[in-house]
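Visitor: Here is my input, please return the structure:
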Amino acid sequence: MSSAKPTLVALRPWGTSTILVGLLLAIVPIALMVGGLANKPLWGLAACLALPLAIPVIYRPNLVTVGVLFVVYTNAAAVAVRFHGVPFFLAACAPLALAIPLVHFVIIRGEKVILDGTWRWMVGLLAVHLAAAIFSSDPRRSLEFALTFLVEGVGLYWLVVNVVRSREMLRRSVWVLLAAGAFMGALSCFQQATGTYGQAYGGFAQVEENAGFATGESDLQGAVRQRRLAGPLGTQNRYAQIMLMLVPLGLFAAARPQPFGWRIAALGATAVIALGLALTFSRGAVLGFGLVVVVMIGFRYISMKQAAIVALGMGLVVLALPQYAARMKSLAPLLSAVRDESSVGSADGSIRSRAGEALAAMLMAVEQPLTGVGPGMYSQHYQHYAARVGTELAEGIKVKEELREPHVLYLGLAAELGIPGVSVFLLIVTLTLRRLAGARRRCRKRDPELANLLTGFLLAIVAYLGTAFFLHFAYIRFFWLMMALAGAAACVAARIERECKRADLQPLPLAPTAGGRPAY
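Guide: As a prediction, this is how the structure comes out:
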């Protein structure tokens with residue numbers, strides 16, 4: 001009696017098309033209903049008219065992945081809601097389009113769902129969010145923040161890791177991110193060159209409403225002040241943070257073995273991204289980039305000659321924007337304060353307020369180490385703890401009257417989620433960096449192109465972690481998107497390594513003898 005192994009029944013092409021066309025057609029009444037409920041019937045009609053354009057996606061699902069990556073990294077969905085009246089529901093569903101390539105890989109092609117170790121620990125971090133929300137003074141508000149992490153963290157990571165499954169898709173993902181950064185950087189450069197700070201260019205070149213900072217120069221109208229550009233996010237330091245993550249990706253994309261034209265394109269995109277980053281005049285971004293350079297040199301990811309080229313490039317940026325020197329001078333009192341606590345009062349208002357915010361977060365974490373004050377609740381408790389800091393712990397800090405954030409990711413997590421929250425987060429980051437470093441080490445000689453991809457993602461995460469000393473955990477979708485691409489890169493490297501080992505273990509074909517029989 002013979003027993004046959006179970007096989008996966010593959011859908012025929014026409015059956016696949018029928019299923020997906022049916023799913024797309026189901027969108028029509030939903031789009032019309034959503035448009036009617038939102039009093040935006042034109043948006044519902046536009047969604048229906050765009051349906052024929054979506055049908056080619058059936059045969060090229062990777063186009064959806066490329067589009068979603070560009071939309072997420074340019075913040076296009078949020079810009080569409082704020083500046084163009086797109087219903088929030090439709091914009092929030094943009095990343096869910098990744099379900100189309102996911103269905104293609106898992107159901108049609110029969111590939112396995114990827115659940116890597118990083119994602120499992122992210123589920124653990126979600127559990128910490130929920131536990132902290134239960135003990136929060138406002139559980140409903142805290143649950144909203146936990147839901148944000150579920151969608152923009154756990155969900156986005158799982159979708160991206162499961163649709164970026166090949167070296168070619170990794171390569172395309174890097175180019176899409178560089179294209180997104182070059183698009184944003186080019187708009188910022190044009191805005192600075194023309195002085196059109198009041199023009200948002202469709203929402204992708206915003207400027208915060210303030211007078212900017214003093215450059216130390218003067219003209220006929222008085223002291224010259226420089227506006228800080230904020231890109232599609234509307235906040236300068238966040239814009240600098242997401243642009244900084246693209247710089248190492250661009251540098252190592254240019255270093256990959258490839259035609260000369262592609263190298264020039266990668267360097268050009270990186271240069272435009274660096275200029276857009278510089279126009280934010282973010283002090284934290286400079287320190288974060290310094291950390292990236294130190295890591296590159298310390299772990300010998302680049303040679304001293306390459307480090308000199310990077311330093312030269314940054315020097316050219318500083319020469320092009322001498323206002324940056326005036327901006328960095330404001331850090332001098334902070335360095336003095338590290339040596340002498342009494343000099344805190346001489347720092348500018350921004351530094352003194354951030355010192356108070358950081359110390360308030362530390363006090364929250366010390367007093368509630370297990371659950372913190374709850375997800376998203378730091379700002380609600382800031383006044384109480386900051387006032388105590390000013391009277392009990394440190395003099396000279398500045399306590400602002402409005403709601404504030406901790407401006408230090410690690411202290412903010414400890415304050416809102418307790419020690420378990422910040423510990424699990426650091427474990428997730430450490431696990432990802434170890435996976436990237438290990439995969440890079442194993443394939444550095446055998447596969448230098450993939451090694452450069454892995455190095456770029458590793459340093460992008462390091463760049464974010466460096467700026468996280470000056471920014472709290474907000475706009476989390478950008479961080480988790482980069483973490484997801486890094487996880488996908490590690491999975492692709494592991495799969496290629498397994499395939500190489502299997503190929504090495506295959507028996508060599510036997511050489512025939514003169515008589516035509518194989519020789520043993």
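Visitor: For the rest of this, base every contact and every neighbour count on C-alpha atoms.
Guide: Will do.
Visitor: what bits of the protein have low per-residue confidence?
Guide: 1-59, 211, 213-224, 324-351, 390-402, 504-520 (pLDDT under 70).
Visitor: remind me, longest helix of it?
Guide: Looking across the chain with DSSP state H, the single longest helix is helix 409-443.
Visitor: and the next element down the chain from that helix?
Guide: For helix 409-443, the following helix or strand on the C-terminal side (DSSP states H and E) is helix 448-467.
Visitor: tell me the angle of whichever helix or strand comes after that following helix relative to helix 409-443?
Guide: Per DSSP H and E, the first helix or strand lying C-terminal to helix 448-467 is helix 476-505. Interaxial angle, helix 476-505 versus helix 409-443 (axes from the mean of the first three to the mean of the last three CA atoms, to 10 degrees): 20 degrees.
Visitor: tilt between helix 476-505 and helix 448-467?
Guide: 150 degrees.
Visitor: Pull out the buried residues from helix 476-505.
Guide: Neighbour-count burial for helix 476-505 flags 477-494, 496-497 (criterion: 16 or more other CA atoms under 10 Å).
Visitor: do stretch 291-311 as well
Guide: 291, 292, 293, 295, 296, 301, 302, 307.
Visitor: likewise stretch 230-246?
Guide: 230-246.
Visitor: Which ones among the residues you listed map onto helices?
Guide: 236, 237, 238, 239, 240, 241, 242, 243, 244, 245, 246.
Visitor: got those as a markdown table, with distance to residue 208 columns?
Guide: What follows is those, written out as a markdown table (distance: CA to CA, whole Å):
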| residue | distance to residue 208 |
| --- | --- |
| 236 | 8 |
| 237 | 11 |
| 238 | 12 |
| 239 | 12 |
| 240 | 14 |
| 241 | 16 |
| 242 | 17 |
| 243 | 17 |
| 244 | 20 |
| 245 | 22 |
| 246 | 23 |
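Visitor: Just give me the closest of the buried residues of stretch 291-311 to residue 412.
Guide: residue 291 (21.0 Å; CA to CA).
Visitor: who's in contact with that closest one?
Guide: By CA atoms under 8 Å, 6 or more residues apart in numbering, residue 291 lies in contact with 462, 463, 466.
Visitor: go on, residue 138?
Guide: 374, 377.
Visitor: List phi and psi for it.
Guide: phi -140, psi 80 (degrees, to the nearest 10).
Visitor: Quick check: it vs residue 421, distance?
Guide: Here the criterion is CA to CA, to the nearest Å. By it, residue 138 lies 18 Å from residue 421.
Visitor: What residues sit buried inside the helix or strand where residue 178 lies?
Guide: Element membership for residue 178, per DSSP H and E: helix 167-194. Using 16+ other CA under 10 Å as the test for burial, helix 167-194 gives 167, 169-189, 191-192.
Visitor: so that helix versus helix 476-505, what angle?
Guide: Using the same axes, to 10 degrees, helix 167-194 lies at 150 degrees relative to helix 476-505.
Visitor: Could you name the helices and strands sitting against helix 167-194?
Guide: helix 62-73, strand 229-231, helix 236-255, helix 260-278, helix 476-505 (3 or more CA pairs under 8 Å, 6 or more residues apart in numbering; DSSP states H and E).
Visitor: can you tell which of these is closest to residue 112?
Guide: Using CA to CA, the nearest of the helices and strands packed on helix 167-194 to residue 112 is helix 476-505, at 12.5 Å.
Visitor: Can you classify residue 209 as helix, strand or coil?
Guide: What DSSP: H, G, I helix; E, B strand; the rest coil gives for residue 209 is coil.
Visitor: meant to ask about residue 281, not that
Guide: Going by three-state DSSP: residue 281 is coil.
Visitor: surely it meets residue 228?
Guide: Yes - when contacts are counted by CA atoms under 8 Å, residue 281 is listed as touching residue 228 (6.2 Å).
Visitor: Find the residues that touch each one of those two.
Guide: In contact with both residue 281 and residue 228: residue 236, using CA under 8 Å, 6+ apart.
Visitor: ok, back up a step: could you tell me which of the buried residues of stretch 291-311 belong to helices?
Guide: 291, 292, 293, 295, 296, 307.
Visitor: Quickly list the domain ranges of the chain.
Guide: 14-113, 206-329 (automatic domain parsing).
Visitor: Let's have those domains in a markdown table, adding distance to residue 146.
Guide: Output for the domains of the chain, formatted as a markdown table (distance: least, CA to CA, whole Å):
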| stretch | distance to residue 146 |
| --- | --- |
| domain 14-113 | 16 |
| domain 206-329 | 21 |
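Visitor: Mean neighbour count, those domains: which tops it?
Guide: Counting by mean count of other CA atoms under 10 Å, domain 206-329 has the highest mean neighbour count of those, with a mean of 18.
Visitor: How far does that one sit from its chain's centre?
Guide: 17 Å (CA atoms, centre = their mean, to the nearest Å).
Visitor: For residue 256, give me the backbone phi and psi.
Guide: Dihedral angles for residue 256 - degrees, to the nearest 10 - are phi -70, psi 150.
Visitor: Please tell me how far it sits from residue 447.
Guide: Look at residue 256 and residue 447: by CA to CA, they are 10 Å apart.
Visitor: what does stretch 162-176 contact?
Guide: 62, 65-66, 69-70, 98, 101-102, 105, 113-114, 249, 253, 450, 453, 485, 488-489, 491-492.
Visitor: Quick one: distance of it to the chain centre.
Guide: 15 Å.
Visitor: And for stretch 415-431?
Guide: 18 Å.
Visitor: likewise stretch 141-150?
Guide: Centroid separation for stretch 141-150 versus its chain: 19 Å, with CA atoms, centre = their mean.
Visitor: For the contacts of residue 291, pick the one with the most neighbours.
Guide: residue 463 (28 neighbours; other CA atoms under 10 Å).
Visitor: in which helix or strand would I find residue 309?
Guide: Per DSSP H and E, the secondary structure element for residue 309 is helix 304-320.
Visitor: Give the other helices and strands that that helix contacts.
Guide: Helix 304-320 packs on helix 260-278, helix 283-298, going by 3+ CA pairs under 8 Å, 6+ apart.
Visitor: re the thing from before, looking at the buried residues of stretch 291-311, which one is closest to residue 383?
Guide: Nearest to residue 383 among the buried residues of stretch 291-311, with distances taken as CA to CA, is residue 291, at 32.5 Å.
Visitor: If you count contacts, what does the helix or strand hosting residue 143 end up packed against?
Guide: Element membership for residue 143 (DSSP H and E) is helix 139-149. On a contact count with 3+ CA pairs under 8 Å, 6+ apart, helix 139-149 meets helix 117-134.
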